[in-house]
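Novice: no FASTA, just this:
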Ligand code: AMP
Ligand code: GLY
């Protein structure tokens, strides 16, 4: 049996969970993580390369004889890393577990994904798009819209480009600052205005070879900073899997109306898409709608999805490359997995870095997936807003959370904060 050298791009909890999973595979020879963090070093070798520095990534691929590239975050995918590899004679043999630049537009442009869903009759909120050219029309549209109004910057805005305006004044002000004051730079030159959907969200993941797909365990993440889902959005404060309501008829609708038409639609439109598709869904009454697509795995969802996925991830990637995902059956660990994210005081606004972390070696019965950490003078220090994802298994969500919370207590650094109500609907 041959084995493969793998380069994983990214530096968060998601990449630590993927690295943890890859390390368990006999098919994984050497694992490199670029740039990685203090946690990823236990699974492989960190390379000090930025995820969008394609030329340095190329050099590393040649030097380390990389066979498989896994882009963790969206930035390199939206910037076209797949096309860069496939257009380069020295790199094109490398398997890239991610979509083409065009495919990554499902995440890279809200307007693109909205039009795609319309073409394929995939349920999503009604919307209109506006730019400076039809600005006045947009103002009129807002005035006639029912409240609340959802405004989305078209391009990538690190999860911050969505505003849910509760009043017309706020909607008009947001619209103005997005388009006329470039609140999110070029990303908000175009704005999608959409209908507000009231329901409960969940994250569903497919892994596709462009024709066939398999569905990975689903998850629910907790995006707001405050308990009771209050306060500003973050990159994610915790996650649970499975999602108790994601079953039966509802998941059949998700499959028939959303996942299958998405994969089929991409194939019909000849958009090259291999790898993960993240469906950010909302259940309104008993009906699923797409809130957003992402062209990668979720963070912190990956920190509970990878622990529940029993299949060998490298084998899945090889099947993807051969176009044979139809031969794969996904096996789920039947236990629940939950993750609690420790963050830095002040996050999602400004926060300090470099705080010494204690108690990492005291944790029991949890997996520690480092998010924003670094090693400084031999010590692990905080190095980001989201610091550490503490994932545990349990016979149910309550039990898994209990284990994570025990360890969240033991691990300390100045300004530690975490939500104590992850999974509250299901406890
Ligand atoms: P997005 O970046 O598109 O995932 O949006 C960020 C968050 O805003 C989502 O996770 C939802 O909580 C919320 N959101 C986005 N679009 C809508 C919508 N049409 N209705 C209600 N909530 C929304
Ligand atoms: N947890 C949401 C995301 O990864 O976009």
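Specialist: Perfect, thanks for sending it. Just so it is clear, the structure is predicted and the values come from calculations on it, not from any experiment. Ligands and ions are numbered 1, 2, ... in the order given.
Novice: Next up, the contacts around residue 18.
Specialist: Residues in contact with residue 18 (Cβ atoms under 8 Å, 6 or more residues apart in numbering) are 8, 10, 70, 72, 297, 302, 306, 313. The way it works is simple: take the backbone N, C-alpha and C, and place the C-beta from them, glycine included.
Novice: Could you grab the helix/strand/coil label for whichever residue of the stretch 151-300 of the chain sits closest to ligand 2?
Specialist: Of all residues in the stretch 151-300 of the chain, residue 298 sits closest to ligand 2, at 3.5 Å by Cβ to the nearest ligand atom. Under the three-state scheme (DSSP: H, G, I helix; E, B strand; the rest coil), the conformation of residue 298 reads as coil.
Novice: oh, and call the first residue 749 from now on, that's how I've got it
Specialist: Sure, I'll start numbering at 749, so the last one becomes residue 1046.
Novice: what are the phi and psi angles of it?
Specialist: Backbone torsions of residue 1046, given as degrees, to the nearest 10, read phi -90, psi 160.
Novice: what residues are up against it?
Specialist: 762, 951, 953, 967, 969, 984, 987, 1026, 1028, 1053.
Novice: can you check residue 904 too?
Specialist: With contact set as Cβ under 8 Å, 6+ apart, residue 904 has these partners: 822, 823, 826, 855, 856, 935.
Novice: and which of the residues you listed is nearest ligand 1?
Specialist: Using Cβ to the nearest ligand atom as the measure, the one of these that approaches ligand 1 most closely is residue 855, at 9.3 Å.
Novice: unless I'm mixing things up, the closest one is touching residue 1038, no?
Specialist: No - the pair residue 855 / residue 1038 is not scored as a contact, 11.9 Å apart, by Cβ atoms under 8 Å.
Novice: Find the centremost residue of the protein, please.
Specialist: Centroid check for the chain by Cα atoms, centre = their mean gives residue 1046 as the closest residue, at 2.1 Å.
Novice: Look up how far residue 1170 lies from the closest residue to residue 1168 other than its chain neighbours.
Specialist: With Cβ to Cβ, 6 or more residues apart in numbering as the criterion, residue 1168 has its nearest non-adjacent residue at 6.3 Å, and that residue is residue 975. Between residue 975 and residue 1170 the computed distance is 9 Å (Cβ to Cβ, to the nearest Å).
Novice: So which of the two has more stuff around it?
Specialist: Higher neighbour count among residue 975 and residue 1170: residue 1170, with 27 against 15, using other Cβ atoms under 10 Å.
Novice: how far does the lengthiest helix in the chain sit from the chain's center?
Specialist: Criterion DSSP state H: the longest helix present in the chain is helix 1145-1158. On the basis of Cα atoms, centre = their mean, to the nearest Å, helix 1145-1158 sits 23 Å off its chain's mean C-alpha point.
Novice: continuing past it, what's the next helix or strand?
Specialist: strand 1164-1165 (DSSP states H and E).
Novice: Phi, psi for the closest residue to residue 972 other than its chain neighbours please.
Specialist: In space, and not counting its chain neighbours, residue 972 is closest to residue 979: 5.3 Å by Cβ to Cβ, 6+ apart. Main-chain torsions, residue 979, degrees, to the nearest 10: phi 90, psi -180.
Novice: Can you tell me how far residue 979 is from ligand 1?
Specialist: Applying Cβ to the nearest ligand atom, to the nearest Å, the value for residue 979 to ligand 1 is 13 Å.
Novice: Okay, buried residues for the lowest-mean-pLDDT helix or strand in the chain please.
Specialist: Comparing helices and strands within the chain by mean pLDDT, DSSP states H and E singles out helix 883-892 as the least confident, with a mean of 86. Neighbour-count burial for helix 883-892 flags 886, 889, 890 (criterion: 16 or more other Cβ atoms under 10 Å).
Novice: do stretch 871-885 as well
Specialist: 871, 872, 873, 875, 876, 877, 878.
Novice: Flag every residue of this protein that's near ligand 2.
Specialist: Residues of the chain lying close to ligand 2 by Cβ under 6 Å from any ligand atom are 907, 969, 984, 1042, 1046, 1047, 1049.
Novice: which non-adjacent residue is nearest the last one?
Specialist: Meaning residue 1049. residue 967 (4.0 Å).
Novice: Show me what that neighbour is bridged to.
Specialist: Judged by DSSP bridges, the bridge partners of residue 967 are residue 951.
Novice: Roughly how far does it sit from residue 867?
Specialist: Relative to residue 867, residue 967 is positioned 28 Å away (criterion: Cβ to Cβ).
Novice: Residue 989 too?
Specialist: Using Cβ to Cβ, residue 989 is found at 31 Å from residue 867.
Novice: do residue 852 as well
Specialist: 18 Å.
Novice: more neighbours, the two?
Specialist: More neighbours sit around residue 852 than around the other of residue 852 and residue 867, counting by other Cβ under 10 Å; the figures are 31 against 12.
Novice: can you tell me if the helix or strand hosting the more buried one touches ligand 1.
Specialist: Using DSSP H and E, the secondary-structure element containing residue 852 is helix 849-856. No - among the residues of helix 849-856, none lie within reach of ligand 1 under Cβ under 6 Å from any ligand atom; the closest is 9.3 Å away.
Novice: quick one: contacts of that helix?
Specialist: Surrounding helix 849-856, the residues in contact under the criterion Cβ under 8 Å, 6+ apart are 822, 825-828, 830-831, 846-847, 860-861, 864, 903-904, 1014, 1019-1021, 1025-1026, 1040-1044.
Novice: Selecting buried members of these in ChimeraX, what would you type?
Specialist: Selection of buried members from the contacts of helix 849-856 for ChimeraX, criterion 16+ other Cβ under 10 Å:
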select :822,825,826,827,828,830,831,846,847,860,861,864,903,904,1014,1019,1021,1025,1026,1040,1041,1042,1043,1044
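Novice: In this structure residue 1069 contacts residue 955, no?
Specialist: No - at 11.9 Å, residue 1069 does not count as touching residue 955 under the criterion of Cβ under 8 Å.
Novice: neighbour-wise, which of the two wins?
Specialist: Neighbour comparison, residue 1069 and residue 955: the larger count goes to residue 955, with 25 against 15 (by other Cβ under 10 Å).
Novice: Looks to me like that one is in a strand.
Specialist: Yes - according to three-state DSSP, the state of residue 955 is that of a strand.
Novice: What segments of the chain are helices?
Specialist: Using DSSP H, the helices assigned to the chain run over residues 761-771, 802-811, 822-826, 829-834, 849-856, 858-867, 883-892, 916-927, 996-1001, 1008-1016, 1050-1056, 1061-1070, 1145-1158.
Novice: So, low pLDDT: which residues of the stretch 899-1048 of the chain?
Specialist: With pLDDT under 70 as the threshold, the stretch 899-1048 of the chain has low-confidence stretches at 907.
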